[in-house]
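S.K.: Just the structure for this:
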Amino acid sequence: MEIGLGKNGRRAYELDEIGIVPARRTRDPEEVSLTWQIDAYRFETPLVVSPMDSVASPRTVVAVGEQGGLGVLDLEGLWTRYEDPEPLLAEINELDDEAATKRLQDIYSAPIREELIGQRIEEIRKSGIVTAAALSPQRTAQYHRAVIDAGVDIFVIRGTTVSAEHVSGRAEPLNLKQFIYELDVPVVVGGCATYTAALHLMRTGAAGVLVGFGGGSGHTTRSVLGVSVPMASAIGDVAAARRDYLDESGGRYVHVIADGGMRGSGDIAKSLACGADAVMVGSPLARAKEAPGSGYHWGSEAHHNELPRGERVHVGTNGDLRSILHGPAFTSDGTMNLMGALRRTMATAGYSDLKEFQRVEVVVNPHR
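M.R.: Numbering: from 1, shown residues only. Okay, the predicted model is just below:
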(Lines give C-alpha, C1' and ligand atoms only; values in the text may rest on other atoms or scores of the structure.)
Protein backbone atom coordinates (compact mmCIF):
# COMPACT_ATOMS: atom_id res chain seq x y z
CA MET A 1 0.00 0.00 0.00
CA GLU A 2 1.16 3.54 -0.72
CA ILE A 3 2.58 5.54 2.18
CA GLY A 4 3.57 8.45 -0.05
CA LEU A 5 4.38 8.93 -3.71
CA GLY A 6 7.89 7.63 -3.15
CA LYS A 7 7.31 4.91 -0.56
CA ASN A 8 5.18 1.80 -0.31
CA GLY A 9 4.62 -0.45 2.70
CA ARG A 10 2.90 -3.75 3.35
CA ARG A 11 -0.04 -3.87 5.77
CA ALA A 12 0.90 -6.05 8.75
CA TYR A 13 -1.06 -7.18 11.80
CA GLU A 14 -0.55 -7.33 15.55
CA LEU A 15 -1.89 -10.25 17.58
CA ASP A 16 -4.75 -8.18 18.98
CA GLU A 17 -5.93 -7.42 15.43
CA ILE A 18 -6.75 -11.03 14.62
CA GLY A 19 -9.21 -13.55 16.01
CA ILE A 20 -9.45 -17.35 15.95
CA VAL A 21 -12.54 -18.76 14.23
CA PRO A 22 -14.42 -21.51 16.11
CA ALA A 23 -15.24 -24.64 14.13
CA ARG A 24 -18.48 -26.56 13.57
CA ARG A 25 -16.92 -29.48 15.46
CA THR A 26 -15.63 -28.98 19.01
CA ARG A 27 -13.65 -31.27 21.30
CA ASP A 28 -13.28 -32.06 24.96
CA PRO A 29 -10.45 -29.83 26.30
CA GLU A 30 -9.12 -32.75 28.33
CA GLU A 31 -8.49 -34.67 25.10
CA VAL A 32 -6.33 -31.91 23.59
CA SER A 33 -2.57 -32.52 23.51
CA LEU A 34 -0.17 -29.61 24.07
CA THR A 35 3.03 -31.64 23.64
CA TRP A 36 5.79 -30.52 21.31
CA GLN A 37 9.29 -31.72 20.60
CA ILE A 38 12.50 -29.98 19.55
CA ASP A 39 15.35 -32.25 18.51
CA ALA A 40 15.32 -35.18 20.98
CA TYR A 41 13.53 -33.28 23.74
CA ARG A 42 9.80 -33.57 24.33
CA PHE A 43 7.76 -31.12 26.42
CA GLU A 44 4.23 -31.30 27.78
CA THR A 45 3.49 -27.64 27.03
CA PRO A 46 4.61 -25.33 24.18
CA LEU A 47 5.90 -22.72 26.63
CA VAL A 48 9.48 -21.46 26.88
CA VAL A 49 10.51 -19.09 29.66
CA SER A 50 12.17 -15.94 28.40
CA PRO A 51 15.78 -15.58 29.63
CA MET A 52 15.21 -12.48 31.75
CA ASP A 53 16.42 -12.00 35.32
CA SER A 54 12.97 -10.87 36.45
CA VAL A 55 11.55 -14.25 35.40
CA ALA A 56 14.28 -16.88 35.16
CA SER A 57 16.44 -17.88 38.10
CA PRO A 58 17.89 -21.38 38.43
CA ARG A 59 15.04 -22.18 40.81
CA THR A 60 12.22 -20.95 38.56
CA VAL A 61 13.79 -22.59 35.50
CA VAL A 62 13.66 -25.91 37.34
CA ALA A 63 10.09 -25.27 38.52
CA VAL A 64 8.87 -24.59 34.97
CA GLY A 65 10.69 -27.66 33.69
CA GLU A 66 9.00 -29.82 36.31
CA GLN A 67 5.63 -28.50 35.10
CA GLY A 68 6.18 -29.39 31.46
CA GLY A 69 7.75 -26.26 30.00
CA LEU A 70 11.28 -25.21 29.07
CA GLY A 71 13.09 -22.65 31.19
CA VAL A 72 16.02 -20.69 29.75
CA LEU A 73 18.60 -19.00 31.99
CA ASP A 74 20.26 -15.76 30.87
CA LEU A 75 24.00 -16.38 31.13
CA GLU A 76 24.70 -12.65 30.95
CA GLY A 77 22.43 -11.77 33.84
CA LEU A 78 22.84 -11.36 37.56
CA TRP A 79 23.21 -15.09 38.18
CA THR A 80 26.55 -15.23 36.34
CA ARG A 81 27.84 -11.86 37.54
CA TYR A 82 27.25 -12.28 41.28
CA GLU A 83 27.59 -15.21 43.68
CA ASP A 84 24.43 -14.08 45.49
CA PRO A 85 22.22 -11.76 43.41
CA GLU A 86 19.28 -11.80 45.82
CA PRO A 87 20.20 -8.50 47.56
CA LEU A 88 20.50 -6.80 44.17
CA LEU A 89 17.14 -8.15 43.04
CA ALA A 90 15.62 -6.73 46.21
CA GLU A 91 17.26 -3.37 45.51
CA ILE A 92 15.98 -3.29 41.92
CA ASN A 93 12.46 -3.83 43.22
CA GLU A 94 12.77 -0.78 45.47
CA LEU A 95 14.11 1.67 42.87
CA ASP A 96 11.97 4.60 41.79
CA ASP A 97 11.25 4.79 38.09
CA GLU A 98 13.57 7.73 37.40
CA ALA A 99 16.58 6.01 38.97
CA ALA A 100 15.90 2.52 37.65
CA THR A 101 17.69 2.64 34.29
CA LYS A 102 20.92 4.20 35.59
CA ARG A 103 21.11 1.84 38.55
CA LEU A 104 20.43 -1.18 36.32
CA GLN A 105 23.34 -0.11 34.13
CA ASP A 106 25.58 0.09 37.18
CA ILE A 107 24.52 -3.31 38.53
CA TYR A 108 24.97 -5.07 35.18
CA SER A 109 28.39 -3.51 34.59
CA ALA A 110 29.94 -6.20 36.80
CA PRO A 111 31.90 -8.74 34.71
CA ILE A 112 30.50 -12.13 33.78
CA ARG A 113 32.29 -14.85 35.73
CA GLU A 114 32.95 -17.97 33.69
CA GLU A 115 32.97 -20.24 36.74
CA LEU A 116 29.44 -19.09 37.60
CA ILE A 117 28.22 -20.13 34.14
CA GLY A 118 29.17 -23.72 34.88
CA GLN A 119 27.85 -23.50 38.44
CA ARG A 120 24.40 -22.23 37.40
CA ILE A 121 24.01 -24.78 34.63
CA GLU A 122 24.97 -27.53 37.07
CA GLU A 123 22.34 -26.30 39.55
CA ILE A 124 19.69 -26.78 36.86
CA ARG A 125 21.08 -30.05 35.46
CA LYS A 126 21.06 -31.87 38.78
CA SER A 127 17.26 -31.53 38.91
CA GLY A 128 17.00 -33.83 35.90
CA ILE A 129 15.12 -31.43 33.61
CA VAL A 130 16.15 -30.35 30.11
CA THR A 131 18.71 -27.59 30.62
CA ALA A 132 18.69 -24.55 28.35
CA ALA A 133 20.72 -21.35 28.59
CA ALA A 134 21.10 -18.21 26.51
CA LEU A 135 23.89 -15.93 25.34
CA SER A 136 23.78 -12.92 23.05
CA PRO A 137 25.51 -13.22 19.66
CA GLN A 138 28.16 -10.77 20.89
CA ARG A 139 29.26 -13.05 23.73
CA THR A 140 28.62 -16.48 22.24
CA ALA A 141 32.14 -16.95 20.86
CA GLN A 142 33.70 -15.95 24.20
CA TYR A 143 31.64 -18.11 26.53
CA HIS A 144 30.16 -20.94 24.48
CA ARG A 145 32.84 -23.45 25.50
CA ALA A 146 32.02 -22.99 29.18
CA VAL A 147 28.34 -23.53 28.37
CA ILE A 148 28.96 -26.74 26.40
CA ASP A 149 31.43 -28.09 28.97
CA ALA A 150 28.84 -27.56 31.71
CA GLY A 151 26.47 -29.90 29.85
CA VAL A 152 23.71 -27.66 28.52
CA ASP A 153 21.07 -29.54 26.50
CA ILE A 154 19.75 -26.67 24.36
CA PHE A 155 21.83 -23.59 23.48
CA VAL A 156 19.90 -20.36 22.82
CA ILE A 157 21.54 -17.48 20.93
CA ARG A 158 19.16 -14.58 21.50
CA GLY A 159 19.30 -10.93 20.57
CA THR A 160 16.95 -8.15 19.57
CA THR A 161 17.74 -8.84 15.91
CA VAL A 162 20.03 -11.70 14.87
CA SER A 163 21.14 -12.22 11.27
CA ALA A 164 23.15 -14.94 9.58
CA GLU A 165 25.11 -12.29 7.66
CA HIS A 166 26.27 -9.72 10.21
CA VAL A 167 28.82 -7.32 8.70
CA SER A 168 31.43 -5.61 10.85
CA GLY A 169 34.71 -3.87 10.09
CA ARG A 170 35.72 -3.77 13.75
CA ALA A 171 35.68 -7.45 14.70
CA GLU A 172 35.25 -10.87 13.16
CA PRO A 173 31.51 -11.60 13.32
CA LEU A 174 30.14 -14.87 14.61
CA ASN A 175 29.84 -17.36 11.76
CA LEU A 176 26.57 -18.96 12.79
CA LYS A 177 26.64 -21.74 10.21
CA GLN A 178 30.12 -22.90 11.17
CA PHE A 179 29.44 -22.43 14.88
CA ILE A 180 26.22 -24.45 14.90
CA TYR A 181 27.75 -27.18 12.72
CA GLU A 182 30.56 -27.69 15.24
CA LEU A 183 28.27 -27.99 18.27
CA ASP A 184 26.81 -31.26 19.49
CA VAL A 185 23.68 -29.68 20.98
CA PRO A 186 20.61 -28.17 19.27
CA VAL A 187 20.74 -24.40 18.88
CA VAL A 188 17.80 -21.99 18.94
CA VAL A 189 18.61 -18.59 17.42
CA GLY A 190 16.83 -15.27 16.93
CA GLY A 191 15.11 -12.91 16.88
CA CYS A 192 14.03 -12.30 13.37
CA ALA A 193 10.86 -10.91 11.87
CA THR A 194 10.97 -11.48 8.10
CA TYR A 195 10.79 -14.38 5.69
CA THR A 196 14.25 -13.78 4.26
CA ALA A 197 16.02 -13.37 7.61
CA ALA A 198 14.34 -16.50 8.96
CA LEU A 199 15.28 -18.56 5.90
CA HIS A 200 18.93 -17.55 6.29
CA LEU A 201 18.89 -18.51 9.98
CA MET A 202 17.33 -21.88 9.16
CA ARG A 203 20.11 -22.55 6.66
CA THR A 204 22.68 -22.24 9.45
CA GLY A 205 21.44 -25.53 10.90
CA ALA A 206 19.49 -24.07 13.81
CA ALA A 207 16.95 -26.36 15.43
CA GLY A 208 14.66 -23.44 16.20
CA VAL A 209 14.19 -19.80 15.25
CA LEU A 210 12.90 -17.07 17.56
CA VAL A 211 10.38 -14.69 15.99
CA GLY A 212 10.14 -11.14 17.30
CA PHE A 213 12.35 -8.67 19.08
CA GLY A 214 12.42 -10.52 22.37
CA GLY A 215 10.44 -8.07 24.40
CA GLY A 216 6.92 -7.03 25.21
CA SER A 217 5.70 -4.87 28.05
CA GLY A 218 9.12 -3.45 28.91
CA HIS A 219 10.49 -3.12 25.39
CA THR A 220 11.05 0.34 23.81
CA THR A 221 12.77 -0.70 20.57
CA ARG A 222 9.86 0.74 18.59
CA SER A 223 10.28 4.22 20.06
CA VAL A 224 14.10 4.22 20.38
CA LEU A 225 15.06 2.67 17.03
CA GLY A 226 11.83 2.89 15.05
CA VAL A 227 12.18 -0.84 14.36
CA SER A 228 8.95 -2.82 14.54
CA VAL A 229 7.16 -5.66 12.77
CA PRO A 230 3.68 -6.59 14.04
CA MET A 231 3.83 -10.02 15.65
CA ALA A 232 1.01 -11.83 13.84
CA SER A 233 2.46 -11.01 10.44
CA ALA A 234 6.03 -11.78 11.57
CA ILE A 235 5.03 -15.26 12.74
CA GLY A 236 3.15 -15.91 9.51
CA ASP A 237 6.16 -14.86 7.41
CA VAL A 238 8.61 -17.01 9.39
CA ALA A 239 6.21 -19.97 9.26
CA ALA A 240 6.24 -19.60 5.47
CA ALA A 241 10.05 -19.71 5.55
CA ARG A 242 9.85 -22.91 7.62
CA ARG A 243 7.57 -24.50 5.01
CA ASP A 244 9.83 -23.52 2.11
CA TYR A 245 12.99 -24.60 3.95
CA LEU A 246 11.35 -27.96 4.65
CA ASP A 247 11.11 -28.47 0.88
CA GLU A 248 14.53 -26.99 0.18
CA SER A 249 16.31 -29.19 2.74
CA GLY A 250 14.50 -32.38 1.86
CA GLY A 251 12.48 -32.63 5.06
CA ARG A 252 14.39 -30.79 7.82
CA TYR A 253 11.87 -29.14 10.14
CA VAL A 254 12.93 -26.00 12.01
CA HIS A 255 10.78 -24.99 14.97
CA VAL A 256 9.33 -21.49 15.09
CA ILE A 257 9.13 -19.94 18.57
CA ALA A 258 7.23 -16.67 18.99
CA ASP A 259 9.23 -14.46 21.35
CA GLY A 260 7.69 -11.48 23.10
CA GLY A 261 4.55 -9.40 23.00
CA MET A 262 2.25 -11.99 24.60
CA ARG A 263 0.38 -10.50 27.52
CA GLY A 264 -1.91 -13.44 28.23
CA SER A 265 -3.45 -16.70 27.10
CA GLY A 266 -5.29 -15.24 24.10
CA ASP A 267 -2.04 -13.95 22.60
CA ILE A 268 -0.40 -17.34 23.14
CA ALA A 269 -3.22 -19.10 21.29
CA LYS A 270 -3.12 -16.62 18.41
CA SER A 271 0.67 -16.96 18.08
CA LEU A 272 0.28 -20.71 17.65
CA ALA A 273 -2.62 -20.20 15.25
CA CYS A 274 -0.40 -17.98 13.08
CA GLY A 275 2.11 -20.83 12.76
CA ALA A 276 4.38 -20.88 15.82
CA ASP A 277 5.33 -24.25 17.32
CA ALA A 278 5.85 -22.75 20.79
CA VAL A 279 5.95 -19.40 22.56
CA MET A 280 8.62 -17.69 24.67
CA VAL A 281 7.00 -15.57 27.36
CA GLY A 282 8.20 -13.21 30.06
CA SER A 283 5.66 -10.85 31.63
CA PRO A 284 2.92 -13.48 32.26
CA LEU A 285 5.43 -15.45 34.36
CA ALA A 286 6.89 -12.33 35.99
CA ARG A 287 3.57 -12.17 37.86
CA ALA A 288 4.28 -15.44 39.68
CA LYS A 289 5.03 -15.38 43.39
CA GLU A 290 8.23 -17.32 42.71
CA ALA A 291 9.50 -14.85 40.06
CA PRO A 292 12.84 -13.21 41.00
CA GLY A 293 11.49 -9.78 40.04
CA SER A 294 8.81 -9.86 42.78
CA GLY A 295 6.24 -8.16 40.56
CA TYR A 296 8.69 -6.15 38.44
CA HIS A 297 9.83 -7.08 34.96
CA TRP A 298 12.81 -6.06 32.82
CA GLY A 299 14.96 -7.47 30.04
CA SER A 300 18.57 -7.13 28.97
CA GLU A 301 17.72 -4.15 26.75
CA ALA A 302 16.81 -2.15 29.86
CA HIS A 303 20.42 -2.01 31.07
CA HIS A 304 22.33 -1.61 27.80
CA ASN A 305 25.37 0.49 28.65
CA GLU A 306 25.06 2.83 25.64
CA LEU A 307 21.48 2.77 24.37
CA PRO A 308 18.83 1.26 26.67
CA ARG A 309 15.82 0.04 24.70
CA GLY A 310 13.69 -1.21 27.56
CA GLU A 311 12.55 -0.32 31.02
CA ARG A 312 11.66 -1.87 34.31
CA VAL A 313 7.88 -2.18 34.54
CA HIS A 314 5.58 -3.17 37.36
CA VAL A 315 3.37 -6.11 36.42
CA GLY A 316 2.24 -7.13 39.92
CA THR A 317 1.80 -10.60 41.40
CA ASN A 318 -1.37 -12.63 40.92
CA GLY A 319 -0.60 -16.23 41.86
CA ASP A 320 1.96 -18.99 42.10
CA LEU A 321 3.66 -20.47 39.06
CA ARG A 322 1.46 -23.55 38.94
CA SER A 323 -1.77 -21.55 38.94
CA ILE A 324 -0.44 -19.22 36.24
CA LEU A 325 0.51 -22.15 34.04
CA HIS A 326 -2.15 -24.74 34.83
CA GLY A 327 -4.76 -23.07 37.03
CA PRO A 328 -7.09 -22.72 38.65
CA ALA A 329 -7.42 -19.08 37.62
CA PHE A 330 -8.56 -16.39 40.03
CA THR A 331 -8.72 -13.62 37.42
CA SER A 332 -10.62 -13.26 34.15
CA ASP A 333 -8.01 -11.29 32.20
CA GLY A 334 -6.10 -14.19 30.64
CA THR A 335 -3.06 -13.97 32.91
CA MET A 336 -3.69 -17.26 34.76
CA ASN A 337 -4.16 -20.90 33.71
CA LEU A 338 -2.40 -20.15 30.43
CA MET A 339 -2.26 -23.77 29.31
CA GLY A 340 -5.82 -24.51 30.37
CA ALA A 341 -7.00 -21.60 28.25
CA LEU A 342 -4.98 -22.85 25.29
CA ARG A 343 -6.57 -26.30 25.61
CA ARG A 344 -10.02 -24.70 25.58
CA THR A 345 -9.19 -22.54 22.55
CA MET A 346 -7.98 -25.56 20.59
CA ALA A 347 -11.03 -27.58 21.66
CA THR A 348 -13.38 -24.77 20.62
CA ALA A 349 -11.68 -24.62 17.22
CA GLY A 350 -11.91 -28.41 16.88
CA TYR A 351 -8.22 -29.36 16.99
CA SER A 352 -6.56 -32.03 19.11
CA ASP A 353 -2.87 -31.20 18.71
CA LEU A 354 -0.63 -28.21 18.03
CA LYS A 355 0.40 -29.07 14.47
CA GLU A 356 -3.23 -29.36 13.44
CA PHE A 357 -4.07 -26.12 15.24
CA GLN A 358 -1.65 -24.18 13.00
CA ARG A 359 -4.23 -24.69 10.22
CA VAL A 360 -7.04 -22.97 12.13
CA GLU A 361 -8.92 -20.18 10.36
CA VAL A 362 -8.23 -16.65 11.60
CA VAL A 363 -9.90 -13.35 10.79
CA VAL A 364 -8.83 -9.72 10.93
CA ASN A 365 -10.81 -7.54 13.33
CA PRO A 366 -11.41 -4.31 11.36
CA HIS A 367 -12.50 -2.36 14.46
CA ARG A 368 -9.12 -2.73 16.15
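S.K.: how about low-confidence regions in this protein?
M.R.: 160-161, 163-173, 214-223, 225, 367-368 (pLDDT under 70).
S.K.: In it, which residue is most central in space?
M.R.: M280 (2.9 Å; Cα atoms, centre = their mean).
S.K.: Which helix or which strand is home to it?
M.R.: Following DSSP states H and E, one finds M280 within strand 278-281.
S.K.: Output the contacting helices and strands for that strand.
M.R.: strand 47-49, strand 255-259, helix 265-273 (3 or more Cβ pairs under 8 Å, 6 or more residues apart in numbering; DSSP states H and E). No exception for glycine: its C-beta is placed from N, CA and C like everyone else's.
S.K.: which residues are in contact with that strand?
M.R.: Contacts to strand 278-281, defined as Cβ atoms under 8 Å, 6 or more residues apart in numbering, come from residues 36, 38, 43, 46-50, 70, 72, 210, 214, 255, 257-260, 262, 268, 271-272, 338.
S.K.: in it, what's buried?
M.R.: For strand 278-281, burial by neighbour count (16 or more other Cβ atoms under 10 Å) applies to 278-281.
S.K.: if we can go back for a sec, out of the helices and strands packed on strand 278-281, nearest to Q142?
M.R.: strand 255-259 (23.1 Å; Cβ to Cβ).
S.K.: What strands flank the closest one, and is each parallel or antiparallel?
M.R.: strand 208-211 (parallel), strand 278-281 (parallel) (DSSP bridges).
S.K.: To H144, which of the ones you listed lies closest?
M.R.: Distance to H144, taken as Cβ to Cβ, is lowest for strand 208-211 among the strands paired with strand 255-259, at 17.0 Å.
S.K.: which residues are contacting the closest one?
M.R.: Contacts for strand 208-211 (Cβ under 8 Å, 6+ apart): 38, 156, 158, 162, 186-193, 198, 201-202, 231, 234-235, 238, 242, 254-259, 276-277, 280.
S.K.: Could you report the distance from I107 to G191?
M.R.: Plainly put, I107 is 25 Å away from G191 if you go by Cβ to Cβ, to the nearest Å.
S.K.: Sketch out the strands for the stretch 251-368 of the chain, chain order is fine.
M.R.: For the stretch 251-368 of the chain, the strands defined by DSSP state E, counting those that start in this stretch occupy 255-259, 278-281, 296-297, 313-314, 362-364.
S.K.: One more: the stretch 51-200 of the chain?
M.R.: Counting by DSSP E, counting those that start in this stretch, the strands of the stretch 51-200 of the chain are 72-74, 132-135, 154-158, 187-192.
S.K.: Of I107 and G191, which one has the most company?
M.R.: Neighbours per residue (other Cβ atoms under 10 Å) separate I107 from G191, with G191 holding more: 27 against 19.
S.K.: The more buried one against R158, yeah?
M.R.: Yes - counting by Cβ atoms under 8 Å, R158 is a contact partner of G191 at 7.1 Å.
S.K.: residue contacts, E361?
M.R.: 20-21, 23 are the contacts of E361 under Cβ under 8 Å, 6+ apart.
S.K.: Which of those has the largest number of neighbours?
M.R.: I20 (20 neighbours).
S.K.: Enumerate every residue touching that one.
M.R.: 269-270, 273, 345, 349, 360-362 are the contacts of I20 under Cβ under 8 Å, 6+ apart.
S.K.: And D320, by the same measure?
M.R.: D320 touches 288-290, counting by Cβ under 8 Å, 6+ apart.
S.K.: Of those residues, select the buried ones using a PyMOL command.
M.R.: Restricted to buried positions by 16+ other Cβ under 10 Å, the PyMOL selection for these reads:
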select buried, resi 288+290
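S.K.: Can you tell me which of the contacts of D320 is nearest E115?
M.R.: For the contacts of D320, the nearest to E115 is E290 (26.0 Å; Cβ to Cβ).
S.K.: how about that closest one, phi and psi?
M.R.: phi -80, psi -10 (degrees, to the nearest 10).
S.K.: Relative to Q67, how far out is it?
M.R.: Distance from E290 to Q67, by Cβ to Cβ: 11 Å.
S.K.: which neighbours do those two share?
M.R.: L321.
S.K.: Helices along the stretch 151-300 of the chain, start to end?
M.R.: For the stretch 151-300 of the chain, applying DSSP state H, counting those that start in this stretch gives helices covering 176-182, 195-202, 221-225, 231-248, 265-273, 283-286.
S.K.: just checking, what packs against the last one?
M.R.: Same thing as helix 283-286. Against helix 283-286 (3+ Cβ pairs under 8 Å, 6+ apart) you get strand 296-297, helix 321-326.
S.K.: Go through the ones you listed and pick out the most buried.
M.R.: strand 296-297 (a mean of 26; mean count of other Cβ atoms under 10 Å).
S.K.: For it, which helices and strands make contact with it?
M.R.: For strand 296-297, the packing partners by 3+ Cβ pairs under 8 Å, 6+ apart come out as helix 283-286, strand 313-314.
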